[in-house]
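S.K.: 3D model of this:
(2 chains)
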Amino acid sequence: MLKILKYSFYDLIRSRWSYVYLLFYLLLGFVLLFLNNDLSKAVITLMNVIIILVPLIGTIFGVMYYYNSKEFTELLLAQPIKRSSIFIGQYLGVALSLSMSLIIGLGLPFVFYGLFQSNTIWEFSLLLITGTFLTLIFTALAFNIALYNQNKIKGFSYAILLWLFLAVIYDGLFLMSLIIFESYPLDKFSIGATLFNPIDLSRILILLKLDISALMGYTGAVFQKFFGTNQGVVLAIVALLIWVFLPTYNIHRKSKKKDF
Amino acid sequence: MIKIENLHKRFGKNQVLKGVDLDISEGGIFAILGPNGSGKTTLIKCILGMVIPDKGEMLIESKSIRKSWKYRQQIDYLPQIANFPPNLTVSELIRMIKDLRNKPAEEELLIKSFQLEPFLDKKLSSLSGGTKQKVNLLLTLMFDSPLIILDEPTSGLDPIALLHLKELIQKEKTNGKTILVTSHIMSFVEEMADEIVFLLEGKVYFKGDISTLKEKTQKESFELAIANVLKENNA
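M.R.: A predicted model of the protein is given here:
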């Protein structure tokens, strides 16, 4: 598996898109820092970008990589390698190279700005950790979708729909249900609903740590009230870990049974 | 070498293999023939473990290959469509496959005979179809495995490369290897194959050497014999 991971990773960090992605973050980081002049505000703006963009890129890259390397995968399948190693290796190759673009692209401007002298270093690292989590989760979901769909166009559409659903529609539905059922106690429902969406989960995780109640919204407030800041952070991280584990396990399971 | 019993495979509503029984002895060139959609590639993919059969038993050197992957150490496989990671160069790809298989390989001679030296440092995405097929052949034939499976090896090759390919296959045969080939080019099959396996509608219709097939169909040439089989069965 490590060999497959190594080669997928090399293949990807040499592709043009990884550099575009890296450059985008570099640019974003520098622009934000020099326009804002305030590290913690920059972190919040970055959070809003990361929470929407990272899942999108993870989904698209994941689906694209799977379909583009299909014939090569077939070549690998004929080699004496365990099936699940091939797919898990490729998945990790994509996810890790994307995470690396994110970490380097955002890390460099902040280091230049003097991150190590400031107190926001923990908030900033948390931002990168959530970004990595989101990359891992959405790339895994994308691989799942691709494994179940032979048809490229269908796979792409489902992947985009999934992103749209979790990034935009989910929140809308959530808000609507809060309004419709406002006369009922909704604490438990909203916590449950948050746990089922990794994007919401990441947002709350960062906001809890930043401790900005004004931005937290209803779920954030409920989260904090229910669990307190520290317990809330731990719970959110555990939930994110489960979100990484389940799709990855399913890649492993499905890849064993699939025909090529 | 290979023993297949009552192999069934269905894709959705399409029953591709309907009980294939096949016994392939060690050594020699076996051509798998059949009209389009008769299950040639599916059969090969079953042997390679890329397609998981619904029913039936497959043994390679008397060992069942279900849920196992180590047996693929003994197989060199040439896929029908050669598509490689576009960002790698040819020599990197060769190194990578060698690394993945963890096996000694002799690529020097093959690089020379297919005249691939000028392409070694080129990216795979910049190669023409025929050159890609040469790389594909190189990756398959550089290892020393007892079983070689070639799916349409002739596609896209120029006459010189085709000549080299034939020589190479003959050489592997004299080394006592078992070679499975599919091809639509009848002259190639007639020239190379010791035995043919004719698949029709998901079953083995005929297995034997070419002269037996000619006798059976009472035709002069191999091509006509095949055409006759197809006509009689409305395929």
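S.K.: so residue 170 is in which element?
M.R.: No chain specified, so I'll use chain A. Under the criterion of DSSP states H and E, residue A:170 resides in helix A:170-180.
S.K.: wait, I meant chain B there
M.R.: For residue B:170, the element it lies in under DSSP H and E is helix B:159-174.
S.K.: next, the closest residue to residue B:59 other than its chain neighbours: secondary structure please.
M.R.: Nearest residue to residue B:59, sequence neighbours excluded (Cβ to Cβ, 6 or more residues apart in numbering or on different chains): residue B:3, at 4.3 Å. All C-beta spots, glycine's among them, are computed from the backbone N, C-alpha and C. At residue B:3 the chain is in strand, as set by DSSP: H, G, I helix; E, B strand; the rest coil.
S.K.: quick check: residue B:3 touching residue B:23?
M.R.: Yes - judged on Cβ atoms under 8 Å, residue B:3 makes contact with residue B:23 at a distance of 5.4 Å.
S.K.: what's the helix holding residue A:170 packed up against?
M.R.: On a contact count with 3 or more Cβ pairs under 8 Å, 6 or more residues apart in numbering or on different chains; DSSP states H and E, helix A:170-180 meets helix A:187-195, helix A:198-210.
S.K.: out of these, which gets nearest to residue B:186?
M.R.: Checking the helices and strands packed on helix A:170-180 against residue B:186 by Cβ to Cβ gives helix A:198-210 as the closest, at 57.0 Å.
S.K.: related to what we said a few turns ago, mind listing what's buried in the helix holding residue A:170?
M.R.: For helix A:170-180, a neighbour-count test (16 or more other Cβ atoms under 10 Å in any protein chain shown) marks A:170-171, A:174, A:178 as buried.
S.K.: likewise stretch A:133-149?
M.R.: The neighbour-count check on stretch A:133-149 (16+ other Cβ under 10 Å) flags A:133-147, A:149 as buried.
S.K.: chain center to it: distance?
M.R.: 10 Å (Cα atoms, centre = their mean, to the nearest Å).
S.K.: sorry, back to before: Serialize the buried residues of helix A:170-180 to JSON lines and add fields for pLDDT.
M.R.: Shown next, in JSON lines, are those (pLDDT from 0 to 100):
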{"residue": "A:170", "pLDDT": "88"}
{"residue": "A:171", "pLDDT": "84"}
{"residue": "A:174", "pLDDT": "84"}
{"residue": "A:178", "pLDDT": "82"}
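S.K.: now, which of those residues sits nearest chain B?
M.R.: Using Cβ to the nearest Cβ, residue A:170 comes nearest to chain B of those, at 33.0 Å.
S.K.: can you count the residues close to residue 116?
M.R.: By default, I'm working from chain A. Residue A:116 has 8 neighbouring residues, counting by other Cβ atoms under 10 Å in any protein chain shown.
S.K.: hmm, no, I was thinking of chain B.
M.R.: Neighbourhood size, residue B:116 [other Cβ under 10 Å]: 21.
S.K.: ok, for it, nearest residue in space, not its chain neighbours?
M.R.: Distances taken as Cβ to Cβ, 6+ apart place residue B:134 nearest to residue B:116, at 6.0 Å, with adjacent residues excluded.
S.K.: could you give the angle of the helix or strand where that neighbour lies to helix B:159-174?
M.R.: With elements taken from DSSP H and E, the one containing residue B:134 is helix B:129-141. Helix B:129-141 runs at 10 degrees relative to helix B:159-174, counting by axes from the mean of the first three to the mean of the last three Cα atoms, to 10 degrees.
S.K.: just checking, the residue nearest to residue B:116 touches residue B:160?
M.R.: No - using Cβ under 8 Å, residue B:134 makes no contact with residue B:160, being 10.6 Å away.
S.K.: look up the pLDDT of the residue of chain B found nearest chain A for me, please.
M.R.: Closest approach between chain B and chain A, counting by Cβ to the nearest Cβ: residue B:83, at 3.3 Å. Per-residue confidence (pLDDT) for residue B:83: 71.
S.K.: try the one 4 residues further on
M.R.: Note on residue B:87: pLDDT of 73.
S.K.: OK, contacts around it?
M.R.: Shown in contact with residue B:87 (Cβ atoms under 8 Å, 6 or more residues apart in numbering or on different chains): A:11, A:14-15, B:123-125.
S.K.: buried subset of those, written for ChimeraX?
M.R.: A single ChimeraX command selects the buried members of the contacts of residue B:87 (16+ other Cβ under 10 Å):
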select /A:11,15 /B:123,124
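S.K.: tell me who's in contact with residue 93.
M.R.: Since no chain was named, I'll use chain A. Residues near residue A:93 by Cβ under 8 Å, 6+ apart: A:4-9, A:11-12.
S.K.: oops, wrong one, chain B.
M.R.: Applying Cβ under 8 Å, 6+ apart to residue B:93 gives the contacts B:84-85, B:124, B:135, B:139.
S.K.: check which helix or strand covers it.
M.R.: Going by DSSP H and E, residue B:93 is in helix B:90-101.
S.K.: next: residue B:57.
M.R.: Assigned by DSSP H and E, residue B:57 belongs to strand B:55-60.
S.K.: what residue ranges in the chain score low on pLDDT?
M.R.: If you meant another chain, say so; for now it's chain A. For chain A, applying pLDDT under 70 flags the ranges A:115, A:211-217.
S.K.: right idea, wrong chain: chain B
M.R.: Along chain B, the model assigns pLDDT under 70 to residues B:234-235.
S.K.: for chain B, give me its nearest residue in chain A.
M.R.: At 3.3 Å from chain B, residue A:71 is the closest residue in chain A, using Cβ to the nearest Cβ.
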